[in-house]
Structure formats: C-alpha cells, structure tokens
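K.L.:
Kindly return the folded structure for what I paste below:
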Amino acid sequence: MGVSDPVRLTIGADEQPVNIVPQRIPFLEGIKFILLSIDFVQVVNNVDYSLNNNAYNVLAIVEVV
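P.N.:
The predicted structure is shown next:
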C-alpha cells in the first residue's frame, strides 16, 4: 500500500496547481484501487482539528487497475 503526502490548501487562497501523483506505486499482484480522499480540518491556535461529522469529507475510487 502506498500513501502520498497530504496537500494542504487554504479556503479563499488563490488558485494553485496541485500534484496528486503518488511518489511511488507499489508492485503488487491482483487488482489495484487508486483512491482520492478529501478531508476538511479546522485550525485553532495552530492545532488541526478534523471535522468529525464527515458531512463534507470524500473518499472516491479514481481508478481500478
């Protein structure tokens, strides 16, 4: 299993390019799922707090190989 580093974007920030290509893709036998997760956090006093109701968080299957 390979997990890319998170990319942090600020609400209201200027448009910017985002690279979502994983650093490495593991070689495994069988079916592979490529997933994209979008999570929202709130920063209070420089501490990240996850929005726990998950109403806006997303996990999507991008590709099946």
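
K.L.:
SS state for residue 35?
P.N.:
Following DSSP: H, G, I helix; E, B strand; the rest coil, residue 35 is assigned to strand.

K.L.:
That one and residue 14, how far apart?
P.N.:
Counting by C-beta to C-beta, to the nearest Å, the gap from residue 35 to residue 14 is 28 Å. For glycine as for every other residue, the C-beta is placed from the backbone atoms N, C-alpha and C.

K.L.:
Between those two, point out the one with more neighbours.
P.N.:
residue 35 (10 against 5; other C-beta atoms under 10 Å).

K.L.:
For the chain, give me the ranges with low pLDDT.
P.N.:
Counting by pLDDT under 70, the chain shows low-confidence ranges at 1-2, 22-24.

K.L.:
For the residue positioned nearest the centre of the chain, give me its contacts.
P.N.:
Geometric centre of the chain, nearest residue: residue 37, 3.9 Å, by C-alpha atoms, centre = their mean. By C-beta atoms under 8 Å, 6 or more residues apart in numbering, the contact list for residue 37 reads 57, 58, 59, 60.
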